[in-house]
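Participant: Sequence below, structure please.
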Amino acid sequence: MKEIVKAQAEGFDTRISACLDETGLDAACTMAAKPVTAIGEPSFHAASLVAHSFCVVTTLSRLASVIEDNIRRYGFANRFRCSYAISIPALALETGAFEKI
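Facilitator: From the prediction side, this is the model:
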């Protein structure tokens, strides 16, 4: 939220949160005067443009239900097939995630 306020003060036109489960997105939208988005919804749109159905690979299993709720919220439930958690925290993705995926 501090970065949203900072970006607004610096005159940025939009903000993007690099969090697939879109944690804090609704709160960020209410406090920003300009658009705020995250990478979840645009990713679901992109997947739908290139494939009839898609799966999501996420970091932790507890995030899967949040992502699945967002998929339904954005209208992609008919294209979504499943989610996989690789059990690696986001901050540890640089070590071993590629092999795990």
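Participant: all contacts plus neighbour counts: C-alpha atoms, from now on.
Facilitator: Noted.
Participant: where along this structure do the strands fall?
Facilitator: 15-17, 36-38, 54-58, 80-85 (DSSP state E).
Participant: Show me which helix or strand of the chain is least confident by mean pLDDT.
Facilitator: Here the helix or strand of the chain ranked lowest by mean pLDDT, DSSP states H and E is helix 97-100, holding a mean of 70.
Participant: measure the residue nearest to the spatial centre of the chain to Glu41 for me?
Facilitator: Residue closest to the mean C-alpha point of the chain, counted by Cα atoms, centre = their mean, is Leu20 at 1.7 Å. Plainly put, Leu20 is 8 Å away from Glu41 if you go by Cα to Cα, to the nearest Å.
Participant: now do Pro89
Facilitator: As judged by Cα to Cα, Pro89 and Glu41 stand 21 Å apart.
Participant: neighbour count winner among the two?
Facilitator: Glu41 (20 against 11; other Cα atoms under 10 Å).
Participant: Quick one: mean pLDDT for the longest helix seen in the chain?
Facilitator: Looking across the chain with DSSP state H, the single longest helix is helix 61-73. Averaging pLDDT along helix 61-73 gives 93.
Participant: Do I have it right that Arg15 meets Met31?
Facilitator: No: with contact defined as Cα atoms under 8 Å, Arg15 does not reach Met31; the gap is 11.8 Å.
Participant: okay, those two: which has more neighbours?
Facilitator: Remark: of Arg15 and Met31, Arg15 carries more neighbours, 18 against 13, as counted by other Cα under 10 Å.
Participant: Contacts only, for that one.
Facilitator: Taking Cα atoms under 8 Å, 6 or more residues apart in numbering, we find Arg15 in contact with Ile4, Ala7, Lys34, Pro35, Val36, Thr37.
Participant: ok, the spatially closest residue to the fifth one that is not a sequence neighbour to Glu3 distance?
Facilitator: It refers to Val36. Nearest non-adjacent residue to Val36, counting by Cα to Cα, 6 or more residues apart in numbering: Arg15, 4.7 Å away. Separation of Arg15 from Glu3 (Cα to Cα) stands at 9 Å.
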